[in-house]
Structures are given as structure tokens and as C-alpha cells.
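Undergrad: give me a model of this one.
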Amino acid sequence: LPTNTKYPTLIEHLPYIGISSLSSPVCVQCTYSFHDMATIAREDLKYGWFSFKPGWLQTANNSKCFLFVVAILATVQSMTVNGITAINLPTLEKRFQLNSKDLGIIAASNDISAIVLVCFVSFYGEFGNKIRWLGYGTLVTGIGCFVFFLPHALTSPYKPVVTNTTDIYRRVEECMVNSNSSTGNACFSGYESNRFYLFIFCLAQLLMGAGTTPLYSLAPAYIDENVHPKASPIYLGIFFAGAVAGSGLGFVVGGPILNNVYVDIKQPEGANLTSRHPQWIGAWWLAYIATGVVIFVCAIVILGFPRELPGSKEMRDKAIEEGNLPKSDHRLQGSLKDIVPATTKLLKNPTYMFNTMATTAASFFGAGLGAFISKFAELKFNPNPGLAGVTLGVVFLVGATGGIFLSGVIVRRFNLKNSCRLSAMCCLFLQLFTVWTAATFIIPGCNQIELAGITKPYYKSQSQIGSVTAPCNANCSCSIANIDPVCGEDNLSYFSPCHAGCSKVEGSKAYQCSCIPPIGNGTEATAAKRYCDRGPGCKNFLYFLLVSCLLILAVFLTAIPSKTVALRCVPDNQRSYSLGFQFIFQRSLGFMPGPVVTGWIFDYLCLLWGESCGKRGRCQIYDIKKLSLAITVLGCIMKGLAVLFFFLSFWFCKSSYDEDDVNEDQTKNEIEMTGESLSKKTVLN
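TA: The predicted structure is shown next:
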């Protein structure tokens, strides 16, 4: 075949019949005629699977249908990883007796596989079949959803410790008041190899992170290659809008499920728990089954698309001729040996590095908060679980979309995309102006839970603090695995009716409670089956939501200007690599350690740990005041560092960066394609 063949479309498809290139005239033994090769080329551009490519399916073989599918996929994926998982973490803590640091590890696991695979997938996917990479990656994401469901299938049914019989000595087998009983302090059934289940959750997150990598690296590239350059920003905007919206929808969908559906669907006999009861556990696993099915369907649909859509090559060639699309830059076809000098050049670029460090500091705080905001709101404001999920989802949707919209307005209004220094200055002032939003977490909330033996001494045991055991309940050998609170007439909460010294429970009250001081002469003490009133501060949940919305909006304001700095302060042939390096840097030092450190703070401020069979379980009571202060301090530190690094980025930003001979349309497209960092996490950059 001569190199000047008149069949360019056939040359493009020669790799499919075993010929890699035509760099010089070659002679090959080919069993295909040109008619056969043309038929292969046409078939390769059809929609379908294997040999099943009927004509009626070709109506879906276009960019609009592809956008529709990947937008749904991005929405469902983000909804699962960023929304549903975040709102489910407190429930997983309760069901599997995990601590907060464990929850942070689960949240961070999704980024580990993404960090490891992003360069590999981006490089080989760029020169391979993007559809296959995307389709198979989507299948892996679906498998991850079903793996996340496995702990529910493997564990025994949940057995809440309930007090609904008239004889507390017979209320549950795990709790024997008679200390001389041969059963002693029986083990709570919830303590079942919680390390094993932690491993499964992390494995599921790793699979979902690995499978999602092609979605945010190759799907935008496929869209950009198969639509007109002028339409590409609109397509990419819709794609990333779906991903951003998915995070909020995860809270909106997950909240009502946790609030209304019991973990085992049907409650055990004798239990009549509501979502307000401390031992209620919702069906956390249900959403993963639904999203897993949807993701599998999306994978099958995606795998039906061809390597490139019909007419896309001709469209690109015409766009290049008209100047709407830059020619391929052969300088970017680097090899592995070029990575070290390229990385060194980035590390020696102070504007780029300080900008990256600033966004990493914000990511550190944001990723930790994103994983624990639902738990924090539950602890401090005690909202209705279902309502909390829905409202937090709405807050994220409004804050994130509003922040991105205003960010785009600022970039266009002040023409920031053409100026590195103006973009750096914008980042500095926006970050400086929003430091106050870290005070969101010291908004007054519910009063601290006053628990007998932990925050206040027992009646007649004024010196005893730090244990729920006292002389008045010496015969109680109930497990302290899960709290079953009662409120005494002394307005003090007790761990359980047993620990309040009560010998009888009827309906919603416990009687003959020896640990509660009697009110009046000869009157036996009673207790109500609930926490004591925590004051009017619980009503401040609405104010917390409003300020949280401003916090999220403020953070997303710096998203596009900061990416503009990262793109404008590096050489033209390092832009793609600079974004990839920033991706790895942010997730290695921001998104991964952030949830773990935040979880450690929660654990450090725990006042009472659950325990059974000699094993420590989940935290039962936190020091809410210190927890609020600690998170606020962490936020101020991270935001302060972000301000400092943005200032240094501006200080070192050279005016020459604004005069580089670069293609403005290429810069704009690259900025638009950085939406991945806006959609990967629930809050904060």
C-alpha cells in the first residue's frame, strides 16, 4: 500500500486489521480487498455489541446520546461516592462498631486507587480505545457498589437492645441484671469482626475509585474529540453539572431511606423503634443496590459506542482548517524519561507550587468535613435524620452550583482567563474574604448530653466520674455496647434503665430506679426512655445550614481562578501534565489525609466508648463543645495556610505569564475540562 493512498478513512482503520502505520511505502500480504476494508471501517463506526449492530440502533450513535448516558453515569457515580456514602458513615459506625478514624479511612480509600491509576489510565487511554476503558471502568464501579453491600449480606440480623417488657430482668438475653447469673456480661451481637467489614468497605471504595478514573479523564476527552469545538464547552458543562448535582442528590436520596426503612426491612419482634431512637439503624445498603444496577446498565450502553462517532474526524479536520481547533502539538508526545525533568520544572515554579499548596490546604479541610458534616450536624443539632439528609443535599446543590456560576461570571467579567496575576489576586482576596466561614462550626447548638457517671457524678457518688457503673447499679451487668438512654427526674441522662438502677419498665417509662434521687418523700424515682431535653440551641440547625451554604459557595468561587493560574504559569506543553500533577498532589496531601485526621479528632474527643467482650466499639458520647472548637481551629489553620499560599503565588506570579503566545481557545477548553476537581468531592474545592 503506498503512503499516498486515496483512502484516508481506511488508513485510519488499518490498526484493526493488523497494520500499525504507513510511515513509508510497505508491501503487505493482505487477504482483505479494499471493498472489505471499507466494510470493516463502516461497521467499526456503528453502534452495537460484537456483531449485533442493527440499523435501528444507529439512531443512538451520536454525541447527544453519549452525553446523555455519561451525564447520568456521572450523576449516579457522584451520588453514590460523595453523597450516599457520606450520609451513611454515621450509620456504618453504629452498625459495625467502627470508630471515626475508620470512617475517615473508608472515605479516603476512594482516592487511593484514583491517585495510583490516573496517570496510567490517562496515558494509555489517550492512545487506546477510550470507549473500552470507560465501559470496563464503569463495570468495575458497579462491582464496587455491590461489594459495599456485602457486609449487610454477611452479617447476622441487627438485634437492638430494647426495653419494652415489664420485667427488666427478662428484657434481652445480652443484659442480665443479676450479677450472679452464669451468663454474666454477655457479648453484644453487633461486635462481629468489625476489622473484616472495614476491609470490605475500603475494598469497595478502592474499586469505585479505580472504575471512576476513566470517567473523569477519558469521557471529557471523548466528548471533546467528537463534537464541534464551539459546542464542546456546553457538552462538558452539562457533564460536570451532573457530577456536581449528584453529590447533593446523594444526600437527598440517602436521607429518607435511612429515616424510613429499617436495616433488615422488618424489625424484630418486640422492637418498635423509630428513626429518633438512638438504636435505630436505617437500610444503608439499599441505595448501593439501586445505583449498582444503574451503573451496570450505563456500562453496557457505553460499550456499544464506536471508538469514534461517525463524521467526527471530518469535523475535526474542518475545525483545524478554520482555526477553531489547534493542530496536534507533537511536543506533548513525551516518553517516560521526560517525567523527571518535567516534574522538576514544576517543583521549581513557585507560582504553580504555591497555588497547588493553597488548593491542597483547602482540600484537606473540605474532604474531612465532607465525610463528617452529616455526623457533626447530627451530634450538635439533633435534627430529624431524614430531614437532615435532604436539607444538607439542597445546601450543597445551591452552594456548589452558585459558587461555580459566580466563579464563571467573575472570570468573564474581569477577563481573568488572559491574566495569571489577576487570577492569582482574585484567589487571594476571595480566600481572605471567606476565612470567617470556618466559624460555621461554633454556631450554638444543643446542650452537651449530661450522662450520669461521665459528665456528672451519680447520686450519692459525688466523686465518681468516668464510668457508668456505680454502687446503686452494682447488680447491673448490661453491656455498654449501645446506649439505650433514659432521662431521670433529676434531668440527668443515664446509659440505660439498668444503669439507672431501674427494676421495671412499662411503655415509655422505667420505675423503681435506685440511682435517681426521689422527688418528694416516699416517692419512687422514675425515668423516661429518651435523652433529657438539650435546650433551645437545637433549633439553630437552620442557621447552620444557611452559613454552610455560604461556606460551600465561597469555596467554589476560587475553583476556576485557581485553575487559571495553574494553566497560565506553566509552559504550553506542560499544561496537561501540570493539571495531572496537581490532581495527585491535592489528593495525596489533601483529600486522603483530611478525612483520617478529622476522624481522629472525633475519636480524641470521645467521652465514652462502647465495649463488649473486651472489645472497644463505637463512641457513645462526644464532648460537643470541644469538638466544635477543634473543627473551627482546623478550618482556620487550613484557610489561613490557603491565604498565605495564594499570597505567595500572587507574589511570584510574573507579568510575562500574561503575554505568552498561547492559543486562548485551547486555554479556555483546558479550564473548562478541569471540572473533575469540582465534582469529585462533596464540599470545598
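Undergrad: was I right about residue 296 contacting residue 142?
TA: Yes. Assessed by Cβ atoms under 8 Å, residue 296 is found in contact with residue 142 at 4.3 Å. Any C-beta I mention is one placed from the backbone N, CA and C, and that applies to glycine too.
Undergrad: which of these two has more neighbours?
TA: Counted by other Cβ atoms under 10 Å, residue 296 and residue 142 do not tie: residue 142 has more neighbours, with 26 against 17.
Undergrad: doesn't that one belong to a helix?
TA: Yes. Assigned with DSSP: H, G, I helix; E, B strand; the rest coil, residue 142 falls within a helix.
Undergrad: wait, doesn't it sit right on residue 292?
TA: Yes. Checked against Cβ under 8 Å, the pair residue 142 and residue 292 is within contact range at 5.0 Å.
Undergrad: C-terminal to the host helix or strand of residue 394, what's the next element?
TA: Element membership for residue 394 (DSSP states H and E) is helix 385-413. Following the chain from helix 385-413 toward its C-terminal end, the next helix or strand by DSSP H and E is helix 420-433.
Undergrad: list the buried residues for that following helix?
TA: Neighbour-count burial for helix 420-433 flags 420, 421, 422, 423, 424, 425, 426, 427, 428, 430, 431 (criterion: 16 or more other Cβ atoms under 10 Å).
Undergrad: and the next helix-or-strand element following it, how far from the chain's centre?
TA: As assigned by DSSP H and E, the chain's next helix or strand after helix 420-433 is strand 486-488. For strand 486-488, the separation from the chain centroid amounts to 37 Å (computed by Cα atoms, centre = their mean, to the nearest Å).
Undergrad: tell me what strand 486-488 is packed against?
TA: When contacts are defined as 3 or more Cβ pairs under 8 Å, 6 or more residues apart in numbering; DSSP states H and E, strand 486-488 packs onto strand 493-494, strand 527-528.
Undergrad: TSV for those, including distance to residue 259 and mean neighbour count?
TA: Putting these into TSV (distance: least, Cβ to Cβ, whole Å; neighbours: other Cβ atoms under 10 Å) gives the following:
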stretch	distance to residue 259	mean neighbour count
strand 493-494	23	27
strand 527-528	23	21
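Undergrad: so which residues of the stretch 151-300 of the chain form helices?
TA: Remark: helices assigned in the stretch 151-300 of the chain by DSSP state H, counting those that start in this stretch are 194-217, 219-226, 232-260, 286-302.
Undergrad: lowest-confidence stretch among those?
TA: Sorting these by mean pLDDT places helix 219-226 lowest, at a mean of 80.
Undergrad: which strands and helices sit next to that helix?
TA: On a contact count with 3+ Cβ pairs under 8 Å, 6+ apart, helix 219-226 meets helix 63-78, helix 130-154, helix 232-260, helix 312-322.
Undergrad: the ones you listed: which one's closest to residue 213?
TA: Comparison of these against residue 213 by Cβ to Cβ identifies helix 130-154 as nearest, at 6.4 Å.
Undergrad: which parts of the closest one are buried?
TA: Taking 16+ other Cβ under 10 Å as the basis for neighbour counts, the residues of helix 130-154 that come out buried are 130-152.
Undergrad: also stretch 620-628?
TA: Within stretch 620-628, the residues that qualify as buried by neighbour count (16+ other Cβ under 10 Å) are 620, 621, 622, 623, 624, 627, 628.
Undergrad: got JSON lines for these, with pLDDT too?
TA: Compiled in JSON lines, the buried residues of stretch 620-628 are given as follows (pLDDT from 0 to 100):
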{"residue": "620", "pLDDT": "90"}
{"residue": "621", "pLDDT": "92"}
{"residue": "622", "pLDDT": "93"}
{"residue": "623", "pLDDT": "94"}
{"residue": "624", "pLDDT": "93"}
{"residue": "627", "pLDDT": "95"}
{"residue": "628", "pLDDT": "94"}
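Undergrad: now the helices and strands packed on helix 219-226 in JSON lines, with distance to residue 636?
TA: Supplementary listing: the helices and strands packed on helix 219-226 in JSON lines, determined by distance: least, Cβ to Cβ, whole Å:
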{"stretch": "helix 63-78", "distance to residue 636": "29"}
{"stretch": "helix 130-154", "distance to residue 636": "34"}
{"stretch": "helix 232-260", "distance to residue 636": "25"}
{"stretch": "helix 312-322", "distance to residue 636": "49"}
